[in-house]
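*Asks:* Kindly return the folded structure for what I paste below:
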Amino acid sequence: MKVPRSGAAVMVAVLLVGTTGAAAQDQGTQPQIELERLSRSLFGDIWRAKLADTYSYANMDTMPSVKPMFRPDAATYTTDLFAPHPHPVRVSAASPLLSTDPMEFLFRPVRNLEDVLYQDLGTRINLYNVQVWQWASGVIPGAQNHLPVNRFDFRWSTHLWEIEGLGAGRFDAQLRITHLFPGTSAELGADVGSLTALDSDYTTQPTKIPRLSFQQALFDNRVFVGVGKCNPNDYYGLNLYASDETSQYLAQIFDGGTAQPAGWQGYMPAVWLQAVPVGGWYVNVIATSPLGASHTAFQSVGDGLWWLGVETGLVTEFGADALPGRYSIACSTTNTGANTTSTANEVYGNSMTLVAQQAVAKGTGLWVQWTYTEPDLWVAQSEPALGITINDCFGRIGDGFGAAIGWTVPSKLQPGQEDFRTQMTAETYYRLQLSNSTQLTADIEWINQPNNPANTHENAVAFALRLKVQF
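*Replies:* Alright, predicted model coming up:
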């Protein structure tokens, strides 16, 4: 199935029809009352998601706990940089294995400065360093079997203002520095013969600016429009139970996916729109410049290549405990294939992603996801996966456990992949809250029948240790 050049316009038209009247969605207005009545008549009592829960599960962050930088009341800028600060900013509790945090004294100036930014200047900082040591057995003969990676990450999010009748304005920037240790040169997935990366913390660019964007809310925070560099996964195909490679799953098949087209893979220039017509229902649309890479700015904009994705989902609450869930469908169309370098060799095609994630107990979520992409677009054609994610295991705040399994079906239309096989990947991890500042994770991946037949081993196993330090 192919979508012509007019396909993008059709998808946008569908979105606009679906969100007509969003401007009138103030609490208690007649259009909202009618939408609420319709939703309950169709879905009964399961559709009870509050607006705040819809924002959370649709990844619409209005930064409600952060006062805007530009506001009438005067901000204060006094602090004791060396006052005790046992927890990272915005973390109020943990159950660390070590009763004493040896890094707390060193981190005091950073954390107290973060507090000033957070409380007085509308700015939320996320500053961490993560190291992953990964070893693999059953690699392609002659390939490396280990890969140590270090990532330093600094993200700055500022709640600029709140405009009456519109909502929040927000600015985001991020710096990421990744280093491979001496003697290593490539991600272990290639050494095993896997199309899906075994460690999503690895990036090919040593230093990059993955995010640089502005977003403005409209219609009392019911519609959000943004522009800049971003991760398309934030708005399309996001699985909250498998979205953070620094604390959850390492394998790419679970953390985003391998079967998405080029315009979704990585950080790139984009424009996006998010809408919440009614509590419990959201719509996202995003368009990207597929050749925009993490280590560039906006040079690819205007090159004639594009990717357009639309996602809509329901946010529900079940039972007396109001356990939240999200069920979404996303469709995309593009003119950019795996080997496209310009409009001279553009490839038109489509993709679809289904995600279901449901809390079944406090801190425990079950999830299923599936992506299908037309085989002439990308290296992987489809990828079903399912798993369980548990936070605060055994009552220990900060600990976590996950187990997942999935299958990567290769596209045999891609050059050199005619004999590639369907690969099964299973992963499990346990995350230990070592101190208030550090988490140590043990992770095991089992790869059955690696995609690349150059690997003559039937199975490969990758073991990893991941150490994350939150400043």
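*Asks:* how would you label residue 114: helix, strand or coil?
*Replies:* helix (DSSP: H, G, I helix; E, B strand; the rest coil).
*Asks:* Check the gap between it and residue 257 for me.
*Replies:* Distance, residue 114 to residue 257, by Cβ to Cβ, to the nearest Å: 33 Å. For every residue, glycine as well, the C-beta is placed using N, CA and C.
*Asks:* More neighbours: which of the two?
*Replies:* residue 257 (27 against 22; other Cβ atoms under 10 Å).
*Asks:* check contacts around that one.
*Replies:* Contacts for residue 257 (Cβ atoms under 8 Å, 6 or more residues apart in numbering) come out as 237, 353, 369, 371, 383, 385.
*Asks:* Now with 7 Å, please.
*Replies:* 237, 371, 383 (Cβ atoms under 7 Å, 6 or more residues apart in numbering).
*Asks:* How about residue 433?
*Replies:* 94-97, 396-399, 439.
*Asks:* Give the burial count for residue 175, as a bare number.
*Replies:* So residue 175, with other Cβ under 10 Å, has 16 neighbours.
*Asks:* my read: it touches residue 210, true?
*Replies:* No. Taking contacts as Cβ atoms under 7 Å, residue 175 lies outside contact range of residue 210: 8.3 Å.
*Asks:* quick one, helices of this protein?
*Replies:* 7-18, 30-43, 51-57, 104-120, 188-192 (DSSP state H).
*Asks:* The ones you listed: lowest mean pLDDT?
*Replies:* Mean pLDDT across these is lowest at helix 7-18; the value there is a mean of 39.
*Asks:* ok, back up a step: among the contacts of residue 433, which one sits closest to residue 279?
*Replies:* residue 397 (29.1 Å; Cβ to Cβ).
*Asks:* can you pull the contacts of that closest one?
*Replies:* Per Cβ under 7 Å, 6+ apart, neighbours of residue 397: 93-95, 433.
*Asks:* Among the residues you listed, which has the minimum pLDDT value?
*Replies:* Minimum confidence in the contacts of residue 397 sits at residue 93, scoring 78.
*Asks:* Tell me the buried residues in stretch 441-448?
*Replies:* 441, 443, 445, 447-448 (16 or more other Cβ atoms under 10 Å).
*Asks:* Run the chain-centre distance for it.
*Replies:* Averaging C-alpha coordinates over stretch 441-448 and over its chain gives two centres that are 21 Å apart (Cα atoms, centre = their mean, to the nearest Å).
*Asks:* hmm, who's touching that stretch?
*Replies:* By Cβ under 7 Å, 6+ apart, stretch 441-448 touches 192, 194, 198, 250-251, 423-431, 459-466.
*Asks:* Which ones among the residues you listed lie within strands?
*Replies:* 423-431, 459-466 (DSSP state E).
*Asks:* out of the residues you listed, which are buried?
*Replies:* 423-431, 460, 462, 464, 466.
*Asks:* For residue 352, list each beta-bridge partner.
*Replies:* Counting by DSSP bridges, residue 352 is bridged to residue 331, residue 372.
*Asks:* Surely it touches residue 328?
*Replies:* No. Counting by Cβ under 7 Å, residue 352 stays clear of residue 328, with 11.2 Å between them.
*Asks:* between those two, which one's more packed in?
*Replies:* Remark: of residue 352 and residue 328, residue 328 carries more neighbours, 23 against 16, as counted by other Cβ under 10 Å.
*Asks:* ok, that one - contacts?
*Replies:* 311-313, 355.
*Asks:* among those residues, who's most crowded?
*Replies:* residue 355 (25 neighbours).
*Asks:* distance of it from residue 448?
*Replies:* As judged by Cβ to Cβ, residue 355 and residue 448 stand 24 Å apart.
*Asks:* Also residue 312?
*Replies:* 35 Å.
*Asks:* Over to residue 162?
*Replies:* Distance, residue 162 to residue 448, by Cβ to Cβ: 52 Å.
*Asks:* thinking again about what came up before, pipe the contacts of residue 257 into a markdown table and attach distance to residue 263 and pLDDT per row.
*Replies:* Shown next, in a markdown table, are the contacts of residue 257 (distance: Cβ to Cβ, whole Å; pLDDT from 0 to 100):
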| residue | distance to residue 263 | pLDDT |
| --- | --- | --- |
| 237 | 12 | 95 |
| 371 | 14 | 97 |
| 383 | 17 | 97 |
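*Asks:* Of the residues you listed, just the buried ones, ChimeraX syntax please.
*Replies:* The ChimeraX command for the buried members of the contacts of residue 257 (criterion: 16+ other Cβ under 10 Å) is given here:
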select :237,371,383
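*Asks:* ok, the contacts of residue 257 vs residue 140, which is closest?
*Replies:* The nearest one, if we look at the contacts of residue 257 relative to residue 140 and count by Cβ to Cβ, is residue 383, at 21.7 Å.
*Asks:* The closest one contacts residue 372, correct?
*Replies:* No. Checked against Cβ under 7 Å, the pair residue 383 and residue 372 is beyond contact range at 8.3 Å.
*Asks:* Just the strands from the stretch 351-471 of the chain, written as ranges.
*Replies:* Counting by DSSP state E, counting those that start in this stretch, the stretch 351-471 of the chain has strands at residues 364-373, 380-391, 400-410, 423-433, 438-448, 459-470.
*Asks:* Would you pull up how far the first one lies from the middle of the chain?
*Replies:* When you say that, I think you mean strand 364-373. That offset, for strand 364-373, works out to 13 Å (Cα atoms, centre = their mean).
*Asks:* what sits up against it?
*Replies:* Strand 364-373 is touched from outside by 237, 239, 241-242, 257, 259-261, 351-360, 381-390, with contacts defined as Cβ under 7 Å, 6+ apart.
*Asks:* so what's residue 197 up against?
*Replies:* 187, 189, 252.
*Asks:* Including neighbour count, could those go into JSON lines?
*Replies:* What follows is the contacts of residue 197, written out as JSON lines (neighbours: other Cβ atoms under 10 Å):
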{"residue": "187", "neighbour count": "22"}
{"residue": "189", "neighbour count": "29"}
{"residue": "252", "neighbour count": "25"}
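*Asks:* would a markdown table of these with distance to residue 418 be doable?
*Replies:* Below are these laid out as a markdown table (distance: Cβ to Cβ, whole Å):
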| residue | distance to residue 418 |
| --- | --- |
| 187 | 23 |
| 189 | 20 |
| 252 | 23 |
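*Asks:* from those, which is closest to residue 206?
*Replies:* Distance to residue 206 across the contacts of residue 197 (Cβ to Cβ) is lowest for residue 187, with 14.0 Å.
*Asks:* Surely that closest one touches residue 202?
*Replies:* Yes. Residue 187 is within contact range of residue 202, at 4.7 Å (criterion: Cβ under 7 Å).
*Asks:* Which strand runs longest in the chain?
*Replies:* Longest strand in the chain, counting by DSSP E: strand 146-163.
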